[in-house]
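> my questions are about this predicted structure, shown below with the sequence.
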Amino acid sequence: MRFYVRKRRTTPAVIIVALIDVLIVLVIFLLVTTTFKQQSVLKLSLPESAQAQKAGATENKPFVVTIDANPTNRLYYVGENKNLVTFDQLEGQLADAVSKNPDLVLDINADKNAPWGKVVKVRDAAVAAKVKKLVANIKEEPKP
């Protein structure tokens, strides 16, 4: 009788370094292929106009004031970042901006359902600050 001597097998090992390399490649792939979309903080529905003109590139950036449709909200959104300010702060910022740039353009983005009184208050603040040009944003009517 002949007995076979069993060779001891080494236990299987998982190579962690290779798994980490694969994981890093997957993470890099996901970061490269993911698109980052900035979401607007404030949803506005601008009124439509058949006489709408395309906004051209201007040398000076306008002072942007955004008014939402909420009638109980006493705050205004100022600038491209839409910082919340009260009416008194808005008047101060507008006066400072006009003192720095006398040819300042005030750009009002008001929702079509915004309270008209808030738009008039912003216009009055612009007149008090001696703003020479005021622009109200609208969107074009869809063409038939």
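Arrived safely, thanks for sending. Numbering: from 1, shown residues only.
> any regions of this structure where pLDDT drops low?
In the predicted model, the chain carries pLDDT under 70 at residues 1, 37-60, 138-144.
> that one: strands as residue ranges?
48-49, 63-67, 76-78, 83-85, 105-110, 133-136, 139-140 (DSSP state E).
> name the helices or strands packed onto the second one?
In terms of contact count using 3 or more CB pairs under 8 Å, 6 or more residues apart in numbering; DSSP states H and E, strand 63-67 is assigned the packing partners strand 76-78, helix 87-100, strand 105-110, helix 116-128. The way it works is simple: take the backbone N, C-alpha and C, and place the C-beta from them, glycine included.
> which residues touch it?
Strand 63-67 has contacts (CB atoms under 8 Å, 6 or more residues apart in numbering) with 42, 44, 76-80, 82, 90, 93-94, 97, 104-111, 114-115, 118-119, 122, 131.
> kindly report the same for the fifth one.
If you take CB under 8 Å, 6+ apart as the criterion, strand 105-110 is touched by 44, 46, 58, 60, 62-67, 94, 118-119, 122-123, 126, 131-137.
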